[in-house]
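Sequence and predicted structure below; questions after.
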Amino acid sequence: QVQLVESGGGLVQPGASLRLSCAASGFPLDDYAIGWFRQAPGKAREVVSCISAGDNVTYYADSVQGRFTFSRDDAKNTLYLQMNSLNPDDTAVYYCAAEWELWECWSGEYDHWGQGTQVTVST
């Protein structure tokens, strides 16, 4: 059974950093596309960063390129999203997700989602 549990969200000031974690279990990471998504109030969910199944290239949305870094620790089955230079536009609920044999991680449908963690960037 695929399980994803996010943690690490919080309230920070503009310019600060946060690191989100996603503990993954019940599936082999290499066979799945894995990704970080976010949904701000009143907006559609959007992909932040992802890695396609069987790939080692990381995709980043233009809005976070150069500020966010997606990494994984296979020994711990944990995904990370390091977020630097946060701004109020980054305020959202952040989710990690996984989908079996999804080859274009930025455009496919995901069946497995974590519960989400709130990130608020405000003065």
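That came in fine, so what should we check first? Keep in mind that what you see is a predicted model, and the values were worked out from it rather than measured.

Which helix or which strand is home to Pro14?
For Pro14, there is no enclosing helix or strand under DSSP states H and E.

got a list of contacts for stretch 13-27?
1-10, 12, 34, 36, 76-88, 94, 96, 98, 100, 112, 114, 117, 119, 121-123 (C-beta atoms under 8 Å, 6 or more residues apart in numbering). No exception for glycine: its C-beta is placed from N, CA and C like everyone else's.

What residues sit buried inside it?
Leu18, Leu20, Ser21, Cys22, Ala24, Phe27 (16 or more other C-beta atoms under 10 Å).

Pick out the residue closest to the middle of the chain.
Trp36 (1.8 Å; C-alpha atoms, centre = their mean).

Is that one bridged to anything, and to what?
Ser49, Cys96 (DSSP bridges).

In contact with it, which residues?
Trp36 neighbours (C-beta under 8 Å, 6+ apart): 20, 22, 47-50, 70, 79, 81, 94-97.

Scan those residues and report the most crowded one.
Counting neighbours by other C-beta atoms under 10 Å, Cys96 comes out on top of the contacts of Trp36 with 30 neighbours.
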